[in-house]
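> with the sequence up front, the predicted model follows.
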Amino acid sequence: MNEYTVSDREKRAIVTITRPGLELARKLKDRLGATLYVSEKYLDALDAKETNVRPFDGVVKNLLPQLFQEYDGIVLVMALGIVVRTIAPLIQDKKYDPGIVVVDVTGKFSISLLSGHLGGANQLAQEVSDIIGAVPVITTGTDVTGTIAPDMIAKELKADLEPFELLKKVSSAIVDGDKVLVINPEKIPVPSLQGTMKPHILLFDTWPESPPPSRAAVLITSRTDERANDLPVHVFIRPRVLAVGLGCNRGTTFEEVHNLLIETFSAHKLSLSSIRALGTIDLKSDEEAFQALSRSLDRPVVTFSREELSSVSTPNPSAMVESHVGTPGVAEPAAILTLRKTPPFPGGRAHLIVHKMKSLNATIAVAEWQREPNKNAGQ
């Protein structure tokens, strides 16, 4: 894979293997909304009615393989050496590893050990610190130098980052203090870009006519712009601001719908990674082509009634469509309504950017969630 995809899932676990660490672990469980895994020998210290508690045999190496698969963040209240030796064979890649935080049994330190950015360990370590008064120990370069991190921007936007293999080169340029361009032509509101940036971070909310010399670049865009070819090493952050409206004749093949989607996005220079969801009429909720497309893209299908679709004024109404399903349009209003139902950020509106495109049996339209003209880029 050459991209990082953010998940909305945030499941957390707390693990303790000693009686002194139990009270800390219980406090963290309650405040973090986590599941507590406690050595079965200390169950007598817990209230029988206490919820979200799971006993285990006290052998951490038997437990962690399961937790690595099930949880996004894991806090281990024990010695750092135990954790390092135990997780070593489980570590795969920062795209997949959960965030690991280690807390000593006295609660003095909260150490972000693994997957600080994408796994959320840095944030989790800070939350733990706030709850128990520990000193947060965070060592990732962009954090300690107080500058931006492309993977954290992707995480806060719930956006995809691609190509992932170039992230290290871009991040190195940022940490080294070399000039790095951040181009945000759609003016996506990015919390970590608010306020004053370090002098070497050069922000643009439009494409610069003559980009200044730089070592790397970060592009926050839903477009596939050829101007990126002239930039130094760069990564794309793909905000999920597009919705695809779909219509088709019953029994249309996945291949036809998929090909129409690819052709449409290619013609309009849009990135498939920026699709937020697919929308259609509820009569088509069981259409296999749409379900297959949803699985292929890993995006949900949102459905609307004919009354909801009819309430949206669209530029290309069809008498034939209305005679068949009772609404003058499906693809165009579905694209707009999908974004209204699941807006990617507040203070924007859904705009139809691709009017319906047709194949023999299918129809596609694309809407984009855009900032209001009087809003700034949030930088």
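Everything's here; your move. What you see is a predicted model; the values in this text were computed from it and never measured.
> what's the spacing between the closest residue to Thr253 other than its chain neighbours and Leu260?
Once flanking residues are discounted, Thr253 sits nearest to Ala289: 6.0 Å by Cβ to Cβ, 6 or more residues apart in numbering. Glycine gets a C-beta too; all of them are placed from N, C-alpha and C. Distance of Ala289 to Leu260, given as Cβ to Cβ, to the nearest Å: 10 Å.
> picking that back up, measure the residue nearest to Thr253 to Ile138 for me?
Counting by Cβ to Cβ, the gap from Ala289 to Ile138 is 47 Å.
> more neighbours: the two, which one.
Ala289 (22 against 16; other Cβ atoms under 10 Å).
> contact partners for the more buried one?
Cys248, Thr252, Thr253, Phe254, Glu256, Val257, Ala362 (Cβ atoms under 8 Å, 6 or more residues apart in numbering).
> go with 6 Å
Each residue near Ala289 by Cβ atoms under 6 Å, 6 or more residues apart in numbering is listed here: Thr252, Phe254, Val257.
> can you list the low-confidence ranges for this protein?
1-10, 48, 141-146, 317, 319, 321-323, 326, 373-379 (pLDDT under 70).
> all helices for it, in order.
For the chain, the helices defined by DSSP state H occupy 20-32, 60-70, 80-87, 121-132, 141-144, 150-157, 167-176, 254-267, 288-297, 306-310, 319-325, 331-341.
> closest one to Ser115 among those?
Nearest to Ser115 among the helices of the chain is helix 121-132; the distance by Cβ to Cβ comes to 5.2 Å.
> flag every buried residue along the closest one.
Residues of helix 121-132 classed as buried: Ala121, Asn122, Gln123, Leu124, Ala125, Gln126, Glu127, Val128, Ser129, Ile131, Ile132 (neighbour count, 16 or more other Cβ atoms under 10 Å).
> any chance you could list what contacts that helix?
Contacts for helix 121-132 (Cβ under 6 Å, 6+ apart): 24, 31, 73, 99-101, 107, 110, 112, 115-116, 136, 138.
> which of the residues you listed tops the neighbour count?
Busiest of these [other Cβ under 10 Å] is Val101, holding 35 neighbours.
> surely that residue is in contact with Leu76?
No: with contact defined as Cβ atoms under 6 Å, Val101 does not count as touching Leu76 (7.3 Å).
> pull the contacting residues for the nearest residue to Gly33 once chain neighbours are set aside.
Leaving aside its sequence neighbours, Gly33 sits nearest to Arg12 (Cβ to Cβ, 6+ apart; 7.1 Å). Contacts for Arg12 (Cβ under 6 Å, 6+ apart) come out as Leu32, Ala34, Gly73.
> if I look at the second one, how far off is Arg19?
Using Cβ to Cβ, Ala34 is found at 19 Å from Arg19.
> who has more neighbours out of those two?
Ala34 (21 against 14).
> do you know how far the residue nearest to the more buried one when sequence neighbours are not counted is from Gly119?
Leaving aside its sequence neighbours, Ala34 sits nearest to Arg12 (Cβ to Cβ, 6+ apart; 3.9 Å). Distance from Arg12 to Gly119, counting by Cβ to Cβ: 11 Å.
> ok, and which of the helices of the chain has the densest surroundings?
helix 331-341 (a mean of 26; mean count of other Cβ atoms under 10 Å).
> domain ranges for the chain?
Domain ranges of the chain: 12-139, 162-238, 242-371, per automatic domain parsing.
> can you say which of the ones you listed is nearest to Lys155?
Closest to Lys155 of those is domain 12-139 (Cβ to Cβ; 6.3 Å).
> give me the subset of the contacts of helix 121-132 that lies in strands.
If you go by DSSP state E, those have Gly73, Gly99, Ile100, Val101, Ser110, Ser112, Pro136 in strands.
> would you list those in CSV and tack on distance to Thr314?
As requested, the ones in strands among the contacts of helix 121-132 are exported to CSV (distance: Cβ to Cβ, whole Å):
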residue, distance to Thr314
Gly73, 43
Gly99, 44
Ile100, 49
Val101, 49
Ser110, 53
Ser112, 49
Pro136, 51
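> of these, just say which sits nearest to Glu307.
Once Cβ to Cβ is applied, the member of those that ends up nearest Glu307 is Gly73, at 42.5 Å.
> return the set of residues that bridge with that closest one.
Beta-bridge partners recorded for Gly73 (DSSP bridges): Arg12, Gly99.
> list the residues that contact it.
Gly73 makes contact with Arg12, Gly99, Gly120, Leu124 under the criterion Cβ under 6 Å, 6+ apart.
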